[in-house]
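Peer 1: Quick one, what's the 3D model for this:
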Amino acid sequence: MATKESNTKDARFDTRLPKEQKVFFERAARLGGYRTLTDFVVIAVQEKAKEIISERERIIASQKDSELFFNAVLNPKAPNKELSNAANEFKALFA
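Peer 2: Have a look, this model is predicted:
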């Protein structure tokens, strides 16, 4: 028969901290309306993790956008036939 431990997808996270810090966190959890200190810690850490990951992904996306933009400006492709024709028509109209 399988044990509960082998059937669960939960993982355990243990930490040691000074008693004063635990009391402080417990007070914040109570004032915040959290059921338990664990709920408070998990939710607070999850929110901070999402914030850090989101910020990092924005930075990476911004860097990629900058690279694409400057590459297009500094190394432009030759105009295709349609663009060349449009430029010639424009010049003919306003020359």
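Peer 1: Name the helix or strand for Glu26, please.
Peer 2: Using DSSP states H and E, Glu26 maps to helix 19-31.
Peer 1: That helix: which residues count as buried?
Peer 2: Ala29 (16 or more other C-beta atoms under 10 Å). C-beta here means a position set from N, CA and C on the backbone, and glycine is covered the same way.
Peer 1: Quick one: mean pLDDT over the top helix by length along the chain.
Peer 2: In the chain, with assignment by DSSP state H, the single longest helix is helix 37-74. The average pLDDT within helix 37-74 is 94.
Peer 1: distance between the next helix or strand after that helix and the chain's centre?
Peer 2: Following helix 37-74 in sequence order, the next helix or strand is helix 81-94 (DSSP H and E). Relative to its chain's centre, helix 81-94 lies at 44 Å (C-alpha atoms, centre = their mean, to the nearest Å).
Peer 1: Please enumerate residues in contact with helix 81-94?
Peer 2: Pro79 (C-beta atoms under 8 Å, 6 or more residues apart in numbering).
Peer 1: Asn88: neighbour count?
Peer 2: 10 (other C-beta atoms under 10 Å).
Peer 1: Report the angle between the helix holding Glu26 and helix 37-74.
Peer 2: 90 degrees (axes from the mean of the first three to the mean of the last three C-alpha atoms, to 10 degrees).
Peer 1: Who are the packing partners of helix 19-31?
Peer 2: helix 37-74 (3 or more C-beta pairs under 8 Å, 6 or more residues apart in numbering; DSSP states H and E).
Peer 1: buried sites along the helix it packs on?
Peer 2: Phe40, Val41.
Peer 1: Distance from the chain centre to that helix, please.
Peer 2: Mean-position distance between helix 37-74 and its chain equals 3 Å (C-alpha atoms, centre = their mean).
Peer 1: How about stretch 31-43?
Peer 2: 24 Å.
Peer 1: Need the distance between the two termini of that stretch.
Peer 2: 15 Å (C-alpha to C-alpha, to the nearest Å).
Peer 1: which residues touch that stretch?
Peer 2: Lys22, Phe25, Glu26, Ala28, Ala29.
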